[in-house]
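# Need a 3D model of the following:
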Amino acid sequence: MNDLKKIWHTAKTDSLPNSNEIIRMNKKFRNQKLIKKTALIIAALILTATMIVVVFIYKSTMFTTRIGEGCIIIAGIILAYTNINSIGRFYRFKDYDNKEFLKFLVQTRLNQIYYHQKTQVTALVFCSIGLLLYLFEFACKHTFFGIIAYAITIIYILILWLIIRPRAFRKQTEKLNKTINKLEQLSKEL
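Just a heads-up that it's a prediction; the model follows:
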């Protein structure tokens, strides 16, 4: 019994965060996500509303422009809707204990993967097609500037799909995995 007591008292716990630090980490994670999601929802709604106003103000002569506008509006609605659903999940998130917070983070990771593979792809396809169709009328009227606009737009879309999107997903995944690993290590040590 004394040996067990000795081992217990000699265990190093310096690297373990205390309960206040864990609560602070939970709140910080929740608040950061709520702020980011709220800002994204507001931006999506403003941009979608702007596009709807453009539909009524700009009198296009080609049907492709209207299809492009519709695709861009659909992309904005998808972005706002998915983040509204997600914000509800984070809003209900309170001061969980370690196991509940860990389960919440694992579910967040699964949601993040689904969003990256399905939802974000769908929204970006609508937005990319919408943007290219929207510019078609301009390209037909002003051939030289239209070619330049299309070239810039295609380069932008390729950079978005091939560089920015994967890099952002990788950074978010690394950050989330780091938090999950830290909590799993803490749970094992406790």
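# Can you list the low-confidence ranges for the protein?
1-22, 94-97, 187-190 (pLDDT under 70).
# mind checking the longest helix of it?
The helix spanning the most residues in the chain, taking DSSP state H as the definition, is helix 19-57.
# So for it, what gets flagged as buried?
22, 26, 29-30, 33, 37, 40-41, 44-45, 47-48, 51, 55 (16 or more other Cβ atoms under 10 Å). In this view, the C-beta of every residue, glycine as well, is placed from N, C-alpha and C.
# Would you mark the buried spots in stretch 162-182?
For stretch 162-182, by 16+ other Cβ under 10 Å, it's 169, 176, 179-180.
# neighbouring contacts of that stretch?
Where contact means Cβ atoms under 8 Å, 6 or more residues apart in numbering, the residues beyond stretch 162-182 that reach it are 25, 29, 102, 105-106, 108-109, 112, 116, 120, 124.
# Turn these into JSON lines, columns for secondary structure.
Output for those, formatted as JSON lines (DSSP: H, G, I helix; E, B strand; the rest coil):
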{"residue": "Met25", "secondary structure": "helix"}
{"residue": "Phe29", "secondary structure": "helix"}
{"residue": "Leu102", "secondary structure": "helix"}
{"residue": "Leu105", "secondary structure": "helix"}
{"residue": "Val106", "secondary structure": "helix"}
{"residue": "Thr108", "secondary structure": "helix"}
{"residue": "Arg109", "secondary structure": "helix"}
{"residue": "Gln112", "secondary structure": "helix"}
{"residue": "His116", "secondary structure": "helix"}
{"residue": "Gln120", "secondary structure": "helix"}
{"residue": "Leu124", "secondary structure": "helix"}
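# quick revisit: what is the nearest of the buried residues of helix 19-57 to Gly130?
Among the buried residues of helix 19-57, Met51 lies closest to Gly130 (Cβ to Cβ), at 8.8 Å.
# where does that closest one sit relative to Lys37, distance-wise?
As judged by Cβ to Cβ, to the nearest Å, Met51 and Lys37 stand 21 Å apart.
# now Leu45
Taken as Cβ to Cβ, the span from Leu45 to Lys37 is 12 Å.
# Ok, Ala49 next?
If you go by Cβ to Cβ, the gap between Ala49 and Lys37 works out to 18 Å.
# One more: Gly130?
23 Å.
# swap in Asn177?
20 Å.
# Quick one: residues contacting the closest residue to Leu160 other than its chain neighbours.
Among residues not flanking Leu160 along the chain, Leu124 sits closest, at 7.2 Å (Cβ to Cβ, 6 or more residues apart in numbering). Residues near Leu124 by Cβ under 8 Å, 6+ apart: 75, 160-161, 165.
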